[in-house]
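Chemist: Pasted the sequence and its predicted model underneath.
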Amino acid sequence: MARRGPLPHMPSKIAVIIPCYRVKAHILGVLGRIGEEVALIYVVDDACPEGSGQWVREKCMDPRVTVLQNATNLGVGGAVMAGYEAALQGGADILVKVDGDGQMDPSLIPKFVAPIAAGRADYTKGNRFYDLAQLGRMPRVRLVGNAVLSFMAKLSTGYWNVFDTTNGFTALHAKVARHIPFGKVSQRYFFETDMLFRLNIVRAVVIDIPMDASYGSESSSLRISRILLEFLGKHARNLFKRIVYNYFLRDMTVASLELVLGAGMLAFGLLFGGYHWFRAVYTGMATPLGTIMLAALPTLLGLQFLLAFIGFDVANVPRRPLHGDLPD
């Protein structure tokens with residue numbers, strides 16, 4: 001067990017959840033670096049073919065460790081949800097998720113917990129893009145892929161203030177966790193981003209924690225090229241849901257009007273202008289100036305309205321921590 005001094009503002013119970021799949025070579029090292037500020041550790045064997053859970057039972061003597069066994073492989077999201085539920089039943093105040101492959105430094109757990117314990121955030125997550133000097137250590141494919149996925153996630157989750165959205169080093173207040181529909185959260189690689197979407201729906205405050213990641217002999221089954229199209233579809237679905245929930249069902253503001261007018265005018269301008277452009281190409285007849293203006297003006301106004309809506313959405317990032325208003 002790693003030893004560190006007393007930590008200010010730490011809650012009585014911090015639980016660490018570690019999903020395990022093909023991490024037998026690294027899991028004991030991860031467990032050995034978890035400090036004494038952590039009260040509970042849940043190792044979730046997600047039907048690991050290497051038997052990571054049994055390996056921990058045999059080799060780890062840390063009394064804080066409980067091994068949970070999934071009968072079938074549920075994916076990282078399903079494994080984390082199982083750990084969350086166990087931690088909530090165990091009375092944890094803050095739930096920290098750390099991967100079992102050794103890429104995340106458990107000594108950073110106090111930094112992830114401190115903003116939540118101090119009442120400044122409901123959810124914290126790692127960001128490997130803070131220190132530009134460290135980016136050269138990240139494989140180029142991961143660097144580009146994470147940048148693309150993070151921008152897509154800003155649109156779909158509404159958290160314009162965070163980056164590196166696929167980062168799995170996170171901490172969550174237990175009160176907020178109880179308001180997340182675990183059964184609806186994506187169970188596989190979209191898990192981290194889908195959690196952000198669910199957190200935005202309940203208006204939780206999310207902040208980034210700067211961190212480095214180490215890339216050694218561990219292997220990752222995540223391939224950006226394989227999941228990019230899948231993620232694109234899920235981002236589009238979540239974006240639609242978030243807009244409907246936040247701007248039409250829960251509340252209606254001037255931004256709602258800007259979105260409707262902007263989308264309508266832009267669509268009209270593009271369709272009307274496109275029709276007359278194709279007609280001019282095929283007939284060889286010049287398009288009247290009035291017709292051009294009738295297409296251009298709605299297009300420009302539509303873009304302005306949509307930019308105004310995006311500006312409102314960026315400013316509408318949740319800023320008041322939720323857990324302070326929730327009952328115990």
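Modeler: That came through, no problem.
Chemist: So which bits of stretch 260-270 are buried?
Modeler: Using 16 or more other C-beta atoms under 10 Å as the test for burial, stretch 260-270 gives Leu261, Gly262, Met265, Leu266, Gly269. Every C-beta, even on glycine, is put in place using the N, C-alpha and C of the backbone.
Chemist: what's the distance between the second one and Leu143?
Modeler: Counting by C-beta to C-beta, to the nearest Å, the gap from Gly262 to Leu143 is 33 Å.
Chemist: One more: the fourth one?
Modeler: Between Leu266 and Leu143 the computed distance is 33 Å (C-beta to C-beta).
Chemist: Give me the helix or strand of the chain that scores worst on average pLDDT.
Modeler: In the chain, no helix or strand scores lower on mean pLDDT, DSSP states H and E than helix 140-157, which sits at a mean of 81.
Chemist: which element follows that helix toward the C-terminus?
Modeler: Downstream of helix 140-157, the first helix or strand assigned by DSSP states H and E is strand 170-173.
Chemist: mind checking how far that next one is from the chain centre?
Modeler: Remark: strand 170-173 is offset 11 Å from the chain centroid, using C-alpha atoms, centre = their mean, to the nearest Å.
Chemist: Please enumerate the helices of this structure.
Modeler: Assigned by DSSP state H, the helices in the chain fall at 27-32, 52-59, 75-89, 109-117, 140-157, 174-177, 191-201, 224-244, 254-283, 289-315.
Chemist: of all these, which lies closest to Asp45?
Modeler: helix 52-59 (2.8 Å; C-beta to C-beta).
Chemist: which other residues reach the closest one?
Modeler: For helix 52-59, contacts defined as C-beta atoms under 8 Å, 6 or more residues apart in numbering pick out 20-24, 27-28, 31, 43-45, 65, 67-69, 100.
Chemist: Mind doing that once more with 7 Å?
Modeler: Cys20, Val23, Lys24, Ile27, Leu28, Val43, Asp45, Val65, Val67, Gln69, Gly100 (C-beta atoms under 7 Å, 6 or more residues apart in numbering).
Chemist: Among those, list the two that are farthest apart in space.
Modeler: Leu28 and Gln69 (17.5 Å).
Chemist: Look up the closest residue to Leu40, ignoring the ones flanking it.
Modeler: Ala15 (4.0 Å; C-beta to C-beta, 6 or more residues apart in numbering).
Chemist: Quick one: neighbours of that neighbour, just the number.
Modeler: By other C-beta atoms under 10 Å, 26 other residues sit near Ala15.
Chemist: in terms of contact, does it touch Gly90 like I think?
Modeler: Yes. Checked against C-beta atoms under 7 Å, the pair Ala15 and Gly90 is within contact range at 6.4 Å.
Chemist: any shared contact partners between these two?
Modeler: What both Ala15 and Gly90 touch, as defined by C-beta under 7 Å, 6+ apart, is the set Leu40.
Chemist: burial of the nearest residue to Leu68 once chain neighbours are set aside, as a residue count?
Modeler: Counting by C-beta to C-beta, 6+ apart, Leu68 lies nearest to Val44, which is 4.7 Å off, once chain neighbours are set aside. Look at Val44: counted by other C-beta under 10 Å, it has 28 neighbours.
Chemist: which ones are touching Val44?
Modeler: Taking C-beta under 7 Å, 6+ apart as the test, what Val44 contacts is Ile17, Ile18, Pro19, Cys20, Leu68, Asn70, Ala79, Ala82, Gly83.
Chemist: Contacts only, for Leu95.
Modeler: So Leu95 contacts Ala15, Ile17, Tyr84, Ala87, Ala171, Leu172, Ala174, Ala177 (C-beta under 7 Å, 6+ apart).
Chemist: isn't the third one right up against Ile17?
Modeler: Yes. Counting by C-beta under 7 Å, Tyr84 sits close enough to Ile17 to count as a contact (6.4 Å).
Chemist: quick one: low-confidence parts of the chain?
Modeler: Residue ranges of the chain with pLDDT under 70: 1-12, 133-139, 141-142, 213-226.
Chemist: From the centroid of it, which residue is nearest?
Modeler: What sits nearest the mean C-alpha location of the chain, by C-alpha atoms, centre = their mean, is Thr193, with 3.2 Å.
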